[in-house]
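Participant: output the structure for:
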Amino acid sequence: MIANPNIKHVRLNQNPRADSYTLWDGPVDQIIEGPHFVPLCRTFGWSDNDHVTRLDYYNDFVLPKCGHCAMEAALHPALQSSFEELGPIAQKPFGTYIYGEFTGGPYIFHLDGRGGAFYYPTGWFEREGSN
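Facilitator: You can find the predicted model right below:
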């Protein structure tokens, strides 16, 4: 992120392949403008799932856009509508990327917080011992 200011937000993928994107990803491609030292895929979605970013990105970009709502609720629709209006150039101020190769991942599992179920790319599963 220091070597390439275009990379502002790198999320760990919960899907088995970046090319099988979800609503939260928007379109995904492998276009990365500038140097990068780890495998990345550009995404046109914003999610606060496990990610790496810089504090100044939060202070200068994320928090001013959020007001008192959840980050995803403010930033994802903003990126989606900008993408619809402007095309791929809309991603640049958001700087969103997914860590990994286009066919890599998942790197995390997503807990739903409701009784021990978790999401794996093939579907929802109940944790043993949960109701």
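
Participant: and residue 61, its phi and psi?
Facilitator: phi -120, psi -50 (degrees, to the nearest 10).

Participant: what about it, how many neighbours?
Facilitator: 18 (other CB atoms under 10 Å). Every C-beta, even on glycine, is put in place using the N, C-alpha and C of the backbone.

Participant: next: the one 10 residues further on.
Facilitator: Neighbours of residue 71 under the rule other CB under 10 Å: 15.

Participant: ok, it touching residue 57?
Facilitator: No: taking CB atoms under 8 Å as the definition, residue 71 is not a contact partner of residue 57, at 11.4 Å.

Participant: just the mean pLDDT for the longest helix seen in the chain, thanks.
Facilitator: Longest helix in the chain, counting residues (DSSP state H): helix 71-86. Averaged over helix 71-86, pLDDT sits at 92.

Participant: buried residues, that helix. List them.
Facilitator: The neighbour-count check on helix 71-86 (16 or more other CB atoms under 10 Å) flags 74-76, 78-80, 82-83 as buried.

Participant: what of stretch 39-52?
Facilitator: Along stretch 39-52, these residues count as buried under the neighbour rule (16+ other CB under 10 Å): 40-48, 51.

Participant: the longest helix of the chain packs against which elements?
Facilitator: When contacts are defined as 3 or more CB pairs under 8 Å, 6 or more residues apart in numbering; DSSP states H and E, helix 71-86 packs onto helix 63-66, helix 91-94.

Participant: swap the cut-off to 7 Å and go again
Facilitator: Under the contact definition 3 or more CB pairs under 7 Å, 6 or more residues apart in numbering; DSSP states H and E, helix 71-86 sits against helix 63-66.

Participant: could you list every helix and strand that the helix it packs on packs against?
Facilitator: Using 3+ CB pairs under 7 Å, 6+ apart, the elements in contact with helix 63-66 are helix 71-86.

Participant: where does this structure dip in pLDDT?
Facilitator: Low-confidence segments of the chain (pLDDT under 70): 15-22, 105, 109-131.
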